[in-house]
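Visitor: no sequence on this one, just coordinates:
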């Protein structure tokens, strides 16, 4: 049986959520890290990876000063965080909405091996997805995230991996929209490897073309989606380095060749770039003179969190100082989302802004964080 078509009211609601997420100068904060990822983050800070420490870490960002409403249009949470509360008893989603931001929820159940391929993956979690989406919507969610992972290598991504992951994204997006959630479309092409910029653009175009064919095949309402890709960058081990202008041209060209103008926004992931580099690259794509029909903004985790987390270090006495650092980072990235970032006026007071945040094969997930 064909899926029921969205009603005009459903389309209107989805469109309004998208506009909240991508209002001028706003983007998305990613707070949906897996249990394994938090192990790595907290180990660097000398903090035990307990549920309470994870709550305190997320609370730091959720309860930042009201100035944050100028920079953050939405926050993505894991299942655990979605149902946690602040010290004053208010649920995190309630606090987020009070700052004019939409509430996101990670709904996939992690990557698993794709049989018949050379260590490629697909993403699981379609079973029971409609019921989970309906419950999350009832409990305050506005949008959802589902991440598929592809890696560039000598023979990868294979046609099978490209097709399978595109199909999964199409099915997920359709289910989300039927349940009132805006789907973030996340084809995560990893920067692991030594591929050059031209190869990265070629694979990005192949993947995005397949993804949008799948979205069309599944009758997804494009105006009620947000694409969340990486920028087109050379592999981390590539000997040739490229400046932000070259990366911007490659990225926007790939988007122009594959992404329909009906898609309202592209919210880039940082791809392991440093705080400063991820800000400069976002500024570069927005200043690029190539015509573009979408809002180009951010969906960042580490570039918004890292310096603040180090200042916090698990100490209650350092919360305010860490939150001020987070606000500085958010303001700088917000400016970049409009092509207005000026490094000289923003670096002062920030720490570790040029340190790489790259993690090789960053695909960890755990059902502990997303049952």
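Guide: Okay, I see it. Quick caveat, the model's predicted, so the values are computed rather than measured. Residues are numbered from 1 along each chain as shown.
Visitor: from here on, just use CA atoms for contacts and neighbour counts.
Guide: Fine.
Visitor: now the most centrally placed residue in the chain: closest residue in space that isn't a chain neighbour?
Guide: Nearest to the geometric centre of the chain sits residue 299, at 4.0 Å (Cα atoms, centre = their mean). Excluding the flanking residues, the one nearest residue 299 by Cα to Cα, 6 or more residues apart in numbering is residue 28, at 4.4 Å.
Visitor: ditto for residue 126
Guide: Closest to residue 126 by Cα to Cα, 6+ apart is residue 172, at 6.9 Å.
Visitor: distance of that neighbour from residue 150?
Guide: Noted for residue 172: a distance of 17 Å to residue 150, by Cα to Cα, to the nearest Å.
Visitor: quick check: what element follows the helix or strand that the residue nearest to residue 299 is a member of along the chain?
Guide: Using DSSP states H and E, the element containing residue 28 is strand 27-31. For strand 27-31, the following helix or strand on the C-terminal side (DSSP H and E) is helix 35-45.
Visitor: my guess is residue 45 contacts residue 310. True?
Guide: Yes: taking contacts as Cα atoms under 8 Å, residue 45 lies within contact range of residue 310: 6.7 Å.
Visitor: of these two, who's got more company?
Guide: A count of neighbours by other Cα atoms under 10 Å puts residue 310 above the other of residue 45 and residue 310, at 18 against 14.
Visitor: residue contacts, that one?
Guide: 45, 322 (Cα atoms under 8 Å, 6 or more residues apart in numbering).
Visitor: and for residue 152?
Guide: 189, 190, 191, 192, 193, 195, 200, 203.
Visitor: which of those ranks first by neighbour count?
Guide: Counting neighbours by other Cα under 10 Å, residue 191 comes out on top of these with 28 neighbours.
Visitor: residue 313 versus that one, what's the distance?
Guide: Taken as Cα to Cα, the span from residue 191 to residue 313 is 29 Å.
Visitor: can you give me the buried ones in the worst-scoring helix or strand of the chain on mean pLDDT?
Guide: Least confident helix or strand, the chain: helix 35-45 with a mean of 94, by mean pLDDT, DSSP states H and E. Within helix 35-45, the residues that count as buried by 16 or more other Cα atoms under 10 Å are 35, 37, 38, 39, 41, 42.
Visitor: for those, which one is nearest residue 333?
Guide: residue 41 (21.6 Å; Cα to Cα).
Visitor: which parts of the chain are strands?
Guide: 27-31, 72-77, 102-106, 111-113, 121-123, 143-151, 182-190, 226-227, 265-268, 295-300 (DSSP state E).
Visitor: walk me through which strands the second one pairs with, and which way each runs.
Guide: The pairing partners recorded for strand 72-77 under DSSP bridges are strand 27-31 (parallel), strand 102-106 (parallel).
Visitor: contacts for that strand, please.
Guide: 20-23, 26-32, 96, 100-106, 144-145, 330.
Visitor: buried members of those into ChimeraX, please.
Guide: For the buried members of the contacts of strand 72-77, the matching ChimeraX selection, counting by 16+ other Cα under 10 Å, is:
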select :20,21,22,26,27,28,29,30,31,32,96,100,101,102,103,104,105,106,144,145,330
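Visitor: where does the stretch 251-371 of the chain dip in pLDDT?
Guide: Within the stretch 251-371 of the chain, the ranges that satisfy pLDDT under 70 run 344-371.
Visitor: can you give me the helices for the chain?
Guide: Taking DSSP state H, the helices of the chain run over residues 8-21, 35-45, 51-62, 79-82, 92-98, 129-138, 159-178, 197-217, 244-258, 275-287, 302-312, 319-336.
Visitor: and the last one, what does it pack onto?
Guide: When you say that, I think you mean helix 319-336. Packed against helix 319-336, as judged by 3 or more Cα pairs under 8 Å, 6 or more residues apart in numbering; DSSP states H and E, are the following elements: helix 51-62, helix 275-287, helix 302-312.
Visitor: turn those helices into TSV, including distance to residue 130.
Guide: What follows is the helices and strands packed on helix 319-336, written out as TSV (distance: least, Cα to Cα, whole Å):
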stretch	distance to residue 130
helix 51-62	27
helix 275-287	34
helix 302-312	30
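Visitor: which of the residues in stretch 152-171 are buried?
Guide: 152, 156-158, 161-171.
Visitor: swap that for stretch 118-129, please
Guide: So stretch 118-129, judged by 16+ other Cα under 10 Å, has buried residues 120, 121, 122, 123, 124, 125, 126, 129.
Visitor: the fifth one and residue 113, how far apart?
Guide: Applying Cα to Cα, one obtains 10 Å for the distance of residue 124 from residue 113.
Visitor: and for the last one?
Guide: With distances taken as Cα to Cα, residue 129 is found 20 Å from residue 113.
Visitor: cool, and the fourth one?
Guide: Separation of residue 123 from residue 113 (Cα to Cα): 9 Å.
Visitor: next: the first one.
Guide: Plainly put, residue 120 is 6 Å away from residue 113 if you go by Cα to Cα.
Visitor: I'd like the distance between residue 260 and residue 213.
Guide: 10 Å.
Visitor: actually residue 316, not the one I typed
Guide: Note on residue 316: its distance to residue 213, by Cα to Cα, is 49 Å.
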